[in-house]
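Asker: Sequence first, then the predicted structure, then my questions.
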Amino acid sequence: MKKPLLALVVAGGFLAIIIYLVTNFLPITSTSEKYNISVDPIMISDEMGTETHVAIKNIGTDTLTNIVVNYGGTAKPDIIPKLNPGEKVSLSPPVGSELKVVKVTTNEGIEITKEYRTPASASFVGNSGYGG
């Protein structure tokens, strides 16, 4: 009678360890949001000058439409007519941009305002900016 009980306790312990490892260490990501967008404005300044890029990525499960990227200042906003799930677009702010924040809106009701970030250590790579 002791052996079946011991086997049950050991099996339960192994099962608990497996569940813990699977839930904590497997890269399980749930994209439950229908409409979601990632906005990453980057500014790099060094002895060669200043390079800016704005990466826009659809991280939702449905297509986004009429994405308006407003750079502030006198610059005309960029408009992305359609962005499919997982699709990414890299934009360069036009002349006249404030280069402080980027405001992004979509027809689906998303409104995001992000400040430019400066990577800790990124130097220019030829004429391609930050290499991204």
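Answerer: It's in.
Asker: which residues sit in contact with T50?
Answerer: Applying CB atoms under 8 Å, 6 or more residues apart in numbering, we find T50 in contact with 43-44, 99. Yep, even glycine has a C-beta here, placed from its N, CA and C like the rest.
Asker: For the residues you listed, give me JSON lines that also has neighbour count and pLDDT.
Answerer: Output for the contacts of T50, formatted as JSON lines (neighbours: other CB atoms under 10 Å; pLDDT from 0 to 100):
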{"residue": "M43", "neighbour count": "18", "pLDDT": "92"}
{"residue": "I44", "neighbour count": "21", "pLDDT": "90"}
{"residue": "L99", "neighbour count": "17", "pLDDT": "90"}
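Asker: Let me know the average pLDDT across stretch 56-63.
Answerer: Mean per-residue pLDDT for stretch 56-63: 95.
Asker: List of residues touching it?
Answerer: The contact list for stretch 56-63 (CB under 8 Å, 6+ apart) reads 31-40, 64, 67, 69, 80, 82-91, 104, 108.
Asker: the helices in the chain, which residues?
Answerer: Along the chain, counting by DSSP state H, helices occupy 2-25.
Asker: Right, I'll call it a day here.
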